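*Asks:* Pasted the sequence and its predicted model underneath.
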Amino acid sequence: MQNYIAKQISGNHDKVGAVLAVLVKRTYKTDSNGYCTIADEQLPLVNEIIYYPNNNVLLEADSDLFVQKKYCDVVIKGNARCYGKLKKFSAGIVLGNKQFIIGVQGNQKIYLDNYGKIKFGDIEQIEEVPLRYDFAYGGKDTEAEKKIQLPAAEIQAAMPNVDWYADSPFRYPRNPEGKGYLVEMSKDMIEQLEIPNLQDPEYLLTAENILVGDINRWTEMPIPYATGWISHVWVPRFLYTGLAEFPYGNARALKEMKMKWVEPDIYEKKDPAKSFNYRFFNGGHYALQLDLNHYIKECTLINIHPLNKKITIKIPNERPKIWVDGRKGILKETIPVMHTILIEPDHNRLSIIWCGNAPALRPYMEEELKTMPFKVEW
(Lines give C-alpha, C1' and ligand atoms only; values in the text may rest on other atoms or scores of the structure.)
Protein backbone atom coordinates (compact mmCIF):
# COMPACT_ATOMS: atom_id res chain seq x y z
CA MET A 1 0.00 0.00 0.00
CA GLN A 2 1.34 3.41 -0.97
CA ASN A 3 2.40 5.83 1.76
CA TYR A 4 0.93 9.34 1.99
CA ILE A 5 1.19 12.30 4.36
CA ALA A 6 -2.33 13.30 3.24
CA LYS A 7 -5.13 11.08 2.04
CA GLN A 8 -8.85 11.33 1.28
CA ILE A 9 -11.06 8.53 2.57
CA SER A 10 -14.76 7.73 2.66
CA GLY A 11 -16.70 6.66 5.73
CA ASN A 12 -19.55 7.32 8.12
CA HIS A 13 -19.93 10.02 10.76
CA ASP A 14 -22.15 9.47 13.79
CA LYS A 15 -24.00 12.75 13.21
CA VAL A 16 -24.29 13.17 9.43
CA GLY A 17 -23.85 9.72 7.89
CA ALA A 18 -21.67 9.41 4.78
CA VAL A 19 -18.69 11.77 4.72
CA LEU A 20 -15.48 12.39 2.85
CA ALA A 21 -12.49 13.08 5.06
CA VAL A 22 -8.91 14.14 4.43
CA LEU A 23 -6.29 13.01 6.94
CA VAL A 24 -3.05 15.02 7.10
CA LYS A 25 0.08 14.17 9.05
CA ARG A 26 2.64 16.81 10.02
CA THR A 27 5.93 15.80 11.67
CA TYR A 28 8.12 18.14 13.75
CA LYS A 29 11.50 18.01 15.41
CA THR A 30 11.57 19.07 19.07
CA ASP A 31 14.56 20.84 20.64
CA SER A 32 15.86 20.78 24.21
CA ASN A 33 13.58 23.68 25.14
CA GLY A 34 10.47 22.00 23.83
CA TYR A 35 10.05 24.10 20.68
CA CYS A 36 9.00 22.45 17.43
CA THR A 37 10.19 23.00 13.88
CA ILE A 38 9.03 21.20 10.76
CA ALA A 39 11.04 18.01 10.30
CA ASP A 40 13.00 17.34 7.13
CA GLU A 41 11.55 13.84 7.03
CA GLN A 42 7.74 13.82 7.01
CA LEU A 43 6.41 10.51 8.31
CA PRO A 44 3.55 8.94 6.34
CA LEU A 45 0.08 8.19 7.62
CA VAL A 46 -0.34 4.74 9.15
CA ASN A 47 -2.68 2.88 6.82
CA GLU A 48 -3.16 -0.28 8.86
CA ILE A 49 -2.52 -1.23 12.47
CA ILE A 50 1.04 -2.35 13.25
CA TYR A 51 2.01 -4.84 15.95
CA TYR A 52 5.33 -5.08 17.73
CA PRO A 53 7.66 -7.57 15.98
CA ASN A 54 7.86 -9.87 19.00
CA ASN A 55 4.19 -9.60 19.96
CA ASN A 56 1.36 -9.94 17.44
CA VAL A 57 -1.22 -8.69 19.95
CA LEU A 58 0.43 -5.53 21.30
CA LEU A 59 -0.24 -2.46 19.13
CA GLU A 60 2.81 -0.49 18.07
CA ALA A 61 0.69 1.87 15.97
CA ASP A 62 -3.02 2.25 15.39
CA SER A 63 -4.35 3.20 11.96
CA ASP A 64 -4.59 6.93 11.22
CA LEU A 65 -7.36 6.43 8.68
CA PHE A 66 -10.51 7.18 10.66
CA VAL A 67 -13.00 9.73 9.31
CA GLN A 68 -14.00 10.66 12.86
CA LYS A 69 -12.58 10.61 16.35
CA LYS A 70 -14.63 11.90 19.25
CA TYR A 71 -11.47 12.87 21.16
CA CYS A 72 -7.86 13.65 20.35
CA ASP A 73 -5.51 10.81 21.26
CA VAL A 74 -2.23 11.77 22.92
CA VAL A 75 0.24 8.90 22.64
CA ILE A 76 3.76 8.89 24.09
CA LYS A 77 6.14 6.31 22.63
CA GLY A 78 9.17 6.26 24.88
CA ASN A 79 10.52 5.30 28.27
CA ALA A 80 10.11 6.30 31.90
CA ARG A 81 13.55 7.27 33.27
CA CYS A 82 15.07 8.00 36.65
CA TYR A 83 18.46 9.30 35.34
CA GLY A 84 20.35 6.97 37.65
CA LYS A 85 19.42 3.77 39.43
CA LEU A 86 16.38 3.70 41.72
CA LYS A 87 13.94 1.08 42.85
CA LYS A 88 10.90 3.34 42.51
CA PHE A 89 10.05 6.70 40.92
CA SER A 90 7.21 8.45 39.11
CA ALA A 91 6.72 9.52 35.51
CA GLY A 92 4.07 11.92 34.35
CA ILE A 93 2.33 13.74 31.51
CA VAL A 94 0.62 17.10 32.04
CA LEU A 95 -1.81 18.39 29.41
CA GLY A 96 -3.46 21.65 30.41
CA ASN A 97 -5.44 20.85 33.55
CA LYS A 98 -5.02 17.11 33.05
CA GLN A 99 -2.21 15.10 34.55
CA PHE A 100 -1.41 11.42 34.28
CA ILE A 101 1.08 10.12 36.84
CA ILE A 102 2.52 6.61 36.60
CA GLY A 103 4.21 4.73 39.42
CA VAL A 104 7.38 3.11 38.07
CA GLN A 105 9.44 0.42 39.75
CA GLY A 106 12.13 -2.13 39.05
CA ASN A 107 11.57 -5.83 38.48
CA GLN A 108 10.01 -7.70 41.37
CA LYS A 109 8.91 -11.28 41.97
CA ILE A 110 6.55 -12.82 44.50
CA TYR A 111 6.79 -16.10 46.42
CA LEU A 112 5.04 -18.25 49.00
CA ASP A 113 6.44 -18.29 52.52
CA ASN A 114 6.56 -21.35 54.77
CA TYR A 115 2.94 -20.76 55.78
CA GLY A 116 1.66 -20.64 52.21
CA LYS A 117 1.22 -16.86 52.27
CA ILE A 118 2.07 -14.61 49.32
CA LYS A 119 5.09 -12.42 49.91
CA PHE A 120 6.72 -9.77 47.73
CA GLY A 121 10.45 -10.05 47.03
CA ASP A 122 12.93 -7.19 46.83
CA ILE A 123 12.56 -4.60 44.08
CA GLU A 124 15.52 -4.41 41.74
CA GLN A 125 17.11 -1.11 40.78
CA ILE A 126 16.18 0.19 37.37
CA GLU A 127 17.12 3.06 35.07
CA GLU A 128 14.27 3.06 32.54
CA VAL A 129 11.07 1.23 31.62
CA PRO A 130 9.27 1.28 28.24
CA LEU A 131 5.89 3.01 28.59
CA ARG A 132 4.16 0.03 26.96
CA TYR A 133 1.27 -2.12 28.07
CA ASP A 134 3.38 -5.26 28.43
CA PHE A 135 5.07 -3.52 31.38
CA ALA A 136 1.74 -2.45 32.93
CA TYR A 137 -0.73 -4.37 35.07
CA GLY A 138 -2.52 -7.24 33.37
CA GLY A 139 -1.54 -10.47 31.69
CA LYS A 140 -2.85 -13.99 31.97
CA ASP A 141 -2.94 -16.77 34.54
CA THR A 142 -1.42 -19.48 32.36
CA GLU A 143 -1.63 -22.14 35.07
CA ALA A 144 -5.37 -21.59 35.53
CA GLU A 145 -5.78 -21.71 31.73
CA LYS A 146 -4.56 -25.30 31.72
CA LYS A 147 -7.98 -26.35 33.04
CA ILE A 148 -9.68 -25.18 29.83
CA GLN A 149 -10.68 -28.06 27.58
CA LEU A 150 -9.13 -27.67 24.13
CA PRO A 151 -9.98 -29.37 20.82
CA ALA A 152 -8.38 -32.71 20.05
CA ALA A 153 -4.64 -32.72 19.40
CA GLU A 154 -5.08 -33.45 15.69
CA ILE A 155 -7.33 -30.38 15.29
CA GLN A 156 -4.78 -28.20 17.07
CA ALA A 157 -2.01 -29.59 14.86
CA ALA A 158 -4.03 -28.79 11.74
CA MET A 159 -4.51 -25.17 12.87
CA PRO A 160 -1.13 -24.21 14.40
CA ASN A 161 -1.70 -20.43 14.25
CA VAL A 162 -4.92 -20.41 16.25
CA ASP A 163 -4.75 -19.03 19.79
CA TRP A 164 -7.03 -21.52 21.51
CA TYR A 165 -6.97 -19.45 24.69
CA ALA A 166 -8.03 -16.19 23.03
CA ASP A 167 -11.36 -16.12 24.91
CA SER A 168 -9.90 -17.42 28.14
CA PRO A 169 -11.58 -16.07 31.30
CA PHE A 170 -8.14 -16.14 32.91
CA ARG A 171 -6.83 -13.27 30.76
CA TYR A 172 -7.20 -9.72 32.02
CA PRO A 173 -9.78 -8.08 29.73
CA ARG A 174 -8.27 -4.59 30.10
CA ASN A 175 -4.77 -5.74 29.13
CA PRO A 176 -4.01 -9.44 28.57
CA GLU A 177 -0.40 -8.59 27.61
CA GLY A 178 0.65 -7.11 30.96
CA LYS A 179 2.11 -8.45 34.21
CA GLY A 180 0.79 -9.42 37.62
CA TYR A 181 -2.61 -11.02 36.88
CA LEU A 182 -3.07 -13.87 39.34
CA VAL A 183 -6.53 -15.45 39.37
CA GLU A 184 -5.93 -18.61 41.38
CA MET A 185 -3.49 -19.55 44.13
CA SER A 186 -0.91 -21.69 42.37
CA LYS A 187 2.69 -22.24 43.40
CA ASP A 188 3.75 -22.72 39.78
CA MET A 189 2.07 -19.48 38.67
CA ILE A 190 3.41 -17.52 41.62
CA GLU A 191 6.95 -18.64 40.82
CA GLN A 192 6.72 -17.24 37.28
CA LEU A 193 4.69 -14.13 38.05
CA GLU A 194 6.24 -10.65 37.75
CA ILE A 195 4.95 -7.45 39.33
CA PRO A 196 4.21 -4.77 36.71
CA ASN A 197 6.83 -2.05 36.30
CA LEU A 198 4.13 0.55 35.54
CA GLN A 199 1.30 0.93 38.03
CA ASP A 200 -1.55 3.16 39.10
CA PRO A 201 0.08 5.00 42.04
CA GLU A 202 -3.31 5.06 43.79
CA TYR A 203 -3.75 1.29 43.51
CA LEU A 204 -0.43 -0.47 43.94
CA LEU A 205 -0.34 -4.25 44.03
CA THR A 206 0.27 -5.78 47.45
CA ALA A 207 0.33 -9.28 48.90
CA GLU A 208 -3.19 -8.62 50.16
CA ASN A 209 -4.80 -7.53 46.87
CA ILE A 210 -2.90 -9.33 44.10
CA LEU A 211 -5.01 -12.50 44.15
CA VAL A 212 -8.15 -12.04 42.05
CA GLY A 213 -9.90 -15.22 43.16
CA ASP A 214 -13.25 -15.03 41.36
CA ILE A 215 -12.79 -14.36 37.61
CA ASN A 216 -15.65 -11.83 37.80
CA ARG A 217 -13.55 -9.69 40.16
CA TRP A 218 -11.28 -8.50 37.35
CA THR A 219 -13.31 -5.29 37.28
CA GLU A 220 -11.99 -4.44 40.74
CA MET A 221 -8.35 -4.83 39.76
CA PRO A 222 -6.05 -1.93 38.75
CA ILE A 223 -6.39 -0.13 35.44
CA PRO A 224 -3.27 -0.54 33.27
CA TYR A 225 -1.12 2.60 33.21
CA ALA A 226 0.88 3.09 30.01
CA THR A 227 1.02 5.65 27.20
CA GLY A 228 0.97 3.56 24.03
CA TRP A 229 -1.94 2.32 21.92
CA ILE A 230 -4.79 0.29 23.39
CA SER A 231 -5.84 -2.77 21.39
CA HIS A 232 -9.21 -2.74 19.65
CA VAL A 233 -10.26 -5.93 21.46
CA TRP A 234 -9.45 -4.85 25.02
CA VAL A 235 -12.07 -3.62 27.46
CA PRO A 236 -13.43 -0.99 27.61
CA ARG A 237 -12.48 -0.02 24.03
CA PHE A 238 -14.08 -3.15 22.58
CA LEU A 239 -17.36 -2.40 24.35
CA TYR A 240 -17.82 0.66 22.11
CA THR A 241 -18.48 -1.75 19.23
CA GLY A 242 -21.68 -2.94 20.88
CA LEU A 243 -20.68 -6.53 20.12
CA ALA A 244 -20.44 -7.54 23.78
CA GLU A 245 -22.42 -6.82 26.90
CA PHE A 246 -20.77 -5.94 30.18
CA PRO A 247 -22.14 -8.04 33.05
CA TYR A 248 -20.86 -6.01 36.00
CA GLY A 249 -23.77 -4.74 38.08
CA ASN A 250 -22.22 -1.61 39.57
CA ALA A 251 -20.36 -0.12 36.59
CA ARG A 252 -20.37 3.38 38.07
CA ALA A 253 -18.05 2.16 40.84
CA LEU A 254 -15.30 1.47 38.30
CA LYS A 255 -12.39 3.88 38.20
CA GLU A 256 -12.74 4.59 34.49
CA MET A 257 -16.29 5.75 35.21
CA LYS A 258 -15.38 7.80 38.28
CA MET A 259 -12.59 9.54 36.38
CA LYS A 260 -14.91 10.20 33.40
CA TRP A 261 -12.47 8.41 31.12
CA VAL A 262 -15.25 6.56 29.27
CA GLU A 263 -18.74 7.29 27.96
CA PRO A 264 -21.33 7.22 30.79
CA ASP A 265 -23.40 4.46 29.21
CA ILE A 266 -20.63 2.19 27.98
CA TYR A 267 -21.43 -0.59 30.46
CA GLU A 268 -25.21 -0.39 30.07
CA LYS A 269 -27.32 -2.71 27.94
CA LYS A 270 -28.34 -0.97 24.72
CA ASP A 271 -30.21 -1.65 21.49
CA PRO A 272 -27.67 -3.67 19.40
CA ALA A 273 -28.69 -1.80 16.25
CA LYS A 274 -27.77 1.51 17.86
CA SER A 275 -24.98 0.42 20.17
CA PHE A 276 -21.85 1.29 18.15
CA ASN A 277 -20.06 4.27 19.69
CA TYR A 278 -17.56 6.16 17.53
CA ARG A 279 -15.24 6.55 20.50
CA PHE A 280 -14.10 3.07 19.53
CA PHE A 281 -11.76 4.83 17.10
CA ASN A 282 -9.85 6.44 20.00
CA GLY A 283 -6.93 4.26 21.03
CA GLY A 284 -4.86 6.38 23.43
CA HIS A 285 -5.00 5.79 27.16
CA TYR A 286 -8.38 6.96 28.46
CA ALA A 287 -6.68 9.57 30.64
CA LEU A 288 -4.95 10.98 27.54
CA GLN A 289 -7.98 11.42 25.30
CA LEU A 290 -8.63 15.16 24.97
CA ASP A 291 -11.72 17.19 24.15
CA LEU A 292 -11.58 18.19 20.48
CA ASN A 293 -12.96 21.63 21.34
CA HIS A 294 -10.07 22.55 23.66
CA TYR A 295 -6.80 23.28 21.90
CA ILE A 296 -3.82 22.05 23.91
CA LYS A 297 -0.89 24.47 23.78
CA GLU A 298 1.72 22.35 25.52
CA CYS A 299 2.55 18.95 26.94
CA THR A 300 4.88 18.53 29.91
CA LEU A 301 6.82 15.28 30.26
CA ILE A 302 8.22 14.33 33.67
CA ASN A 303 10.96 11.68 33.84
CA ILE A 304 10.35 10.62 30.23
CA HIS A 305 12.66 12.71 28.03
CA PRO A 306 16.15 11.18 27.48
CA LEU A 307 17.96 14.37 28.59
CA ASN A 308 15.54 16.56 30.56
CA LYS A 309 13.85 15.38 33.73
CA LYS A 310 11.09 17.84 32.95
CA ILE A 311 10.37 19.33 29.56
CA THR A 312 7.39 21.26 28.26
CA ILE A 313 6.79 20.66 24.56
CA LYS A 314 4.98 23.52 22.83
CA ILE A 315 2.31 22.09 20.53
CA PRO A 316 2.60 23.90 17.15
CA ASN A 317 -0.26 26.34 16.66
CA GLU A 318 -0.36 26.07 12.88
CA ARG A 319 -3.55 24.58 11.53
CA PRO A 320 -4.06 23.33 7.98
CA LYS A 321 -6.86 24.32 5.64
CA ILE A 322 -8.48 21.20 4.26
CA TRP A 323 -10.89 20.77 1.35
CA VAL A 324 -12.60 17.52 0.36
CA ASP A 325 -14.16 16.68 -2.97
CA GLY A 326 -17.60 18.29 -3.22
CA ARG A 327 -18.20 16.67 -6.62
CA LYS A 328 -19.06 18.40 -9.93
CA GLY A 329 -15.70 20.19 -9.90
CA ILE A 330 -16.23 21.80 -6.49
CA LEU A 331 -13.99 21.49 -3.41
CA LYS A 332 -15.73 21.73 -0.05
CA GLU A 333 -13.85 23.39 2.82
CA THR A 334 -13.86 21.65 6.21
CA ILE A 335 -13.15 22.52 9.83
CA PRO A 336 -9.96 20.59 10.69
CA VAL A 337 -9.58 18.96 14.11
CA MET A 338 -6.66 17.17 15.73
CA HIS A 339 -7.11 13.40 15.79
CA THR A 340 -3.75 12.40 17.25
CA ILE A 341 -0.70 13.93 18.92
CA LEU A 342 2.14 11.42 18.84
CA ILE A 343 5.22 12.31 20.90
CA GLU A 344 8.44 10.32 20.56
CA PRO A 345 10.94 11.86 23.02
CA ASP A 346 13.76 9.46 22.20
CA HIS A 347 13.67 10.67 18.59
CA ASN A 348 12.99 14.34 19.46
CA ARG A 349 9.90 14.06 17.33
CA LEU A 350 6.25 15.06 17.44
CA SER A 351 3.59 14.24 14.86
CA ILE A 352 0.05 15.55 14.59
CA ILE A 353 -2.76 13.97 12.61
CA TRP A 354 -5.39 16.47 11.40
CA CYS A 355 -8.76 15.52 9.97
CA GLY A 356 -11.23 17.56 7.95
CA ASN A 357 -14.51 15.96 6.95
CA ALA A 358 -17.74 17.04 5.26
CA PRO A 359 -21.00 15.34 4.27
CA ALA A 360 -20.80 13.29 1.07
CA LEU A 361 -23.41 12.30 -1.48
CA ARG A 362 -22.73 8.63 -0.82
CA PRO A 363 -19.94 6.27 0.26
CA TYR A 364 -17.11 5.92 -2.28
CA MET A 365 -14.96 2.93 -3.18
CA GLU A 366 -11.16 3.00 -2.93
CA GLU A 367 -10.81 2.97 -6.72
CA GLU A 368 -13.08 6.03 -7.01
CA LEU A 369 -11.14 7.91 -4.35
CA LYS A 370 -7.90 7.58 -6.32
CA THR A 371 -9.18 10.07 -8.89
CA MET A 372 -11.16 12.36 -6.58
CA PRO A 373 -9.48 15.73 -5.84
CA PHE A 374 -8.80 17.26 -2.43
CA LYS A 375 -6.66 20.10 -1.18
CA VAL A 376 -4.49 20.93 1.85
CA GLU A 377 -2.84 24.29 2.60
CA TRP A 378 -0.60 25.31 5.48
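*Replies:* In hand now; what should we look at?
*Asks:* quick one, strands of the stretch 51-200 of the chain?
*Replies:* Ranges of strands in the stretch 51-200 of the chain, per DSSP state E, counting those that start in this stretch, are 55-61, 71-76, 79-86, 88-95, 98-105, 110-112, 118-120, 126-130, 137-138, 179-180, 198-199.
*Asks:* Can you say which of those strands is nearest to D14?
*Replies:* strand 71-76 (13.0 Å; C-beta to C-beta). In short, each C-beta sits where N, CA and C put it, glycine included.
*Asks:* Find the nearest non-adjacent residue to T241, please.
*Replies:* Excluding its sequence neighbours, the residue lying closest to T241 (C-beta to C-beta, 6 or more residues apart in numbering) is F280, at 5.7 Å.
*Asks:* Checking my notes, the one you found in a helix, right?
*Replies:* Yes - F280: assigned to a helix according to DSSP: H, G, I helix; E, B strand; the rest coil.
*Asks:* Adjust the sequence numbering to begin at 53 for everything that follows.
*Replies:* Yep, numbering from 53; the last one is F332 now.
*Asks:* hang on, it packs against P288?
*Replies:* No - contact criterion C-beta atoms under 8 Å: F332 and P288 do not qualify, at 9.9 Å.
*Asks:* who's in contact with E179?
*Replies:* 133-137 (C-beta atoms under 8 Å, 6 or more residues apart in numbering).
*Asks:* could you redo the last one with a cut-off of 10 Å?
*Replies:* 131-138, 158 (C-beta atoms under 10 Å, 6 or more residues apart in numbering).
*Asks:* Repeat that for C88.
*Replies:* Taking C-beta under 10 Å, 6+ apart as the test, what C88 contacts is 78-82, 365-370, 400-402, 404.
*Asks:* again, but for L234
*Replies:* 162, 170, 191, 193, 195-196, 222, 241-242, 245, 257, 262-265, 273.
*Asks:* next one: L164
*Replies:* Applying C-beta under 10 Å, 6+ apart, we find L164 in contact with 170-171, 237-239, 242-243.
*Asks:* are any of those buried, and which?
*Replies:* Among those, those buried by neighbour count (16 or more other C-beta atoms under 10 Å) are 170, 238, 242.
*Asks:* which intervals of the stretch 153-302 of the chain have sub-threshold pLDDT?
*Replies:* 203-204, 208, 214, 216-217, 299-301 (pLDDT under 70).
*Asks:* can you give me the helices for it?
*Replies:* 194-197, 205-210, 239-244 (DSSP state H, counting those that start in this stretch).
*Asks:* Of these, which stretch is the most buried?
*Replies:* helix 194-197 (a mean of 19; mean count of other C-beta atoms under 10 Å).
*Asks:* Now find how far off-centre that one is within its chain.
*Replies:* 26 Å (C-alpha atoms, centre = their mean, to the nearest Å).
*Asks:* what does stretch 123-132 give?
*Replies:* Using C-alpha atoms, centre = their mean, the offset of stretch 123-132 from its chain centre is 8 Å.
*Asks:* so how far does it reach from one end to the other?
*Replies:* Using C-alpha to C-alpha, to the nearest Å, the end-to-end distance of stretch 123-132 comes to 25 Å.
*Asks:* So what does D398 have for phi and psi?
*Replies:* According to degrees, to the nearest 10, the main-chain angles of D398 amount to phi -70, psi -20.
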